[in-house]
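Visitor: Give me coordinates for this.
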Amino acid sequence: MGHDHTHDHTHGANKKALLISFIIISVYMVIEAIGGFLTNSLALLSDAGHMLSDAISLGVGLLAFVFSEKVANYRNTYGYKRFEILAAVFNGVTLILISLYIFYEAFHRFTSPPEVASTGMLTIAIIGLIVNIVVAWILMRGDTEENLNLRAAFLHVLGDLLGSVGAIAAALLIMFFNWGWADPLASVIVAILVLTSGWRVTKDAVHVLMEGTPKNVDLDDIINTMENVPEIINIHDLHVWSITSGQNALSCHAVVNGDLSVHASEQLLRTIEHELENKGIGHVTVQMESEEHPHDERLLCNHEFEKQSQEQ
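Guide: Predicted coordinates for the structure are as follows:
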């Protein structure tokens with residue numbers, strides 16, 4: 001119960017952080033877009049475009065949290081918690097597409113740099129920097145380490161923050177040295193950072209969708225923990241995956257000593273659940289069987305096969 005209460009509290013804090021951030025970003029996005037058009041600055045326009053993606057990603061992320069609160073049913077036995085991961089994929093791909101578009105625009109501006117109203121550009125970029133620092137701070141108070149959805153939104157905003165820094169630097173270079181190419185150069189630097197962030201978020205989210213082993217779970221440690229329980233001889237058919245960010249699940253077959261009574265089996269399950277909860281596994285399904293119970297030689301069906309596959 002304590003684990004569920006903590007998750008619910010974190011979930012509520014994450015949702016609140018996204019809502020506040022969504023409102024702030026949406027308002028300033030309009031201001032920065034207008035400022036970018038008036039000053040003819042690609043750095044500001046690309047940052048405004050990135051802010052538009054932020055607003056969309058924050059909105060989708062917020063929607064994901066709302067959907068994930070829906071209870072499980074016969075059609076979706078895990079509920080709608082995976083919607084958060086789908087939102088993270090959407091946000092990651094959006095970051096990649098935006099960075100590619102900025103590269104495209106910057107290429108044309110390098111060949112023929114347009115006139116930029118550097119003073120107005122500097123003013124708007126400084127305000128944008130302050131806004132992004134505030135929003136990044138709000139999101140950092142949430143669970144950006146474990147929650148992929150929130151981390152994706154945070155990386156969007158971090159990209160904006162760096163975009164504002166780049167726009168400020170470009171504005172100063174144009175003001176003092178008349179370096180028109182500084183504007184598209186700032187955009188390219190931001191685009192590289194945005195592309196990197198987008199790739200990482202997308203890769204992590206796809207890993208969850210493919211039901212890969214969670215990064216914070218050591219399979220050897222899990223196997224040793226379970227087999228150190230006196231009643232368990234060995235385990236096989238082991239699978240560990242994430243339902244959504246911060247919610248890991250495990251299923252396996254456990255070969256046990258002798259014929260356990262119902263009470264002894266329940267006690268054994270409680271022991272296993274307690275041990276694995278400390279290893280970051282919140283949902284455990286264990287099929288108990290005797291040594292005579294037949295099983296197929298499937299993936300992870302014996303330790304030797306798994307160790308060989310890891311070495312390869």
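Visitor: Grab the nearest non-local neighbour of Val190.
Guide: Spatial nearest neighbour of Val190, chain neighbours left out: Gly163 (4.4 Å); criterion: C-beta to C-beta, 6 or more residues apart in numbering. C-beta here means a position set from N, CA and C on the backbone, and glycine is covered the same way.
Visitor: what sits up against stretch 81-96?
Guide: With C-beta atoms under 8 Å, 6 or more residues apart in numbering as the test, stretch 81-96 has contacts from 53, 56-57, 60-61, 63-65, 67-68, 147-149, 151-153, 155-156, 159, 194-195, 197-206, 208-209, 243-245, 247.
Visitor: actually stretch 188-200, sorry about that
Guide: Residues outside stretch 188-200 that contact it (C-beta under 8 Å, 6+ apart): 43, 46-47, 50, 91-96, 98-100, 102-103, 106, 155-156, 158-159, 162-163, 166.
Visitor: What residues of that stretch count as buried?
Guide: For stretch 188-200, the neighbour count (16 or more other C-beta atoms under 10 Å) marks Val188, Ile189, Val190, Ala191, Leu193, Val194, Leu195, Ser197, Gly198 as buried.
Visitor: out of the residues you listed, who's nearest Arg141?
Guide: Taking C-beta to C-beta as the measure, Arg141 lies nearest Ser197 of the buried residues of stretch 188-200, at 19.6 Å.
Visitor: Check which helix or strand the closest one maps to.
Guide: helix 182-209 (DSSP states H and E).
Visitor: buried set for whichever helix or strand comes after that helix?
Guide: Using DSSP H and E, the helix or strand that follows helix 182-209 in sequence is helix 219-227. Buried residues in helix 219-227, counted by 16+ other C-beta under 10 Å: Leu219, Ile222, Ile223, Thr225, Met226.
Visitor: tell me the mean pLDDT for the helix or strand following helix 219-227?
Guide: Sequence order places strand 232-244 as the next helix or strand after helix 219-227, per DSSP H and E. For strand 232-244, mean pLDDT rounds to 86.
Visitor: ditto for stretch 37-45
Guide: In this model, stretch 37-45 has an average pLDDT of 77.
Visitor: Mind checking which of the contacts of stretch 81-96 are buried?
Guide: Here, 16+ other C-beta under 10 Å leaves 53, 56-57, 60-61, 64-65, 67-68, 147-149, 151-153, 155-156, 159, 194-195, 197-198, 201-202, 204-205, 208, 243-245, 247 buried among the contacts of stretch 81-96.
Visitor: which SSE is Ala88 in?
Guide: Element membership for Ala88 (DSSP H and E) is helix 83-111.
Visitor: sorry, back to before: kindly reformat the buried residues of helix 219-227 as a markdown table containing pLDDT.
Guide: Shown next, in a markdown table, are these (pLDDT from 0 to 100):
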| residue | pLDDT |
| --- | --- |
| Leu219 | 88 |
| Ile222 | 89 |
| Ile223 | 88 |
| Thr225 | 88 |
| Met226 | 88 |
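Visitor: contacting residues for the nearest residue to Ile24 once chain neighbours are set aside?
Guide: Nearest-residue entry for Ile24: Val135, 5.4 Å, with adjacent residues in sequence omitted and distances by C-beta to C-beta, 6+ apart. Residues near Val135 by C-beta under 8 Å, 6+ apart: Ser21, Ile24, Ile25, Val157.
Visitor: State the distance from the first one to Cys252.
Guide: With distances taken as C-beta to C-beta, to the nearest Å, Ser21 is found 40 Å from Cys252.
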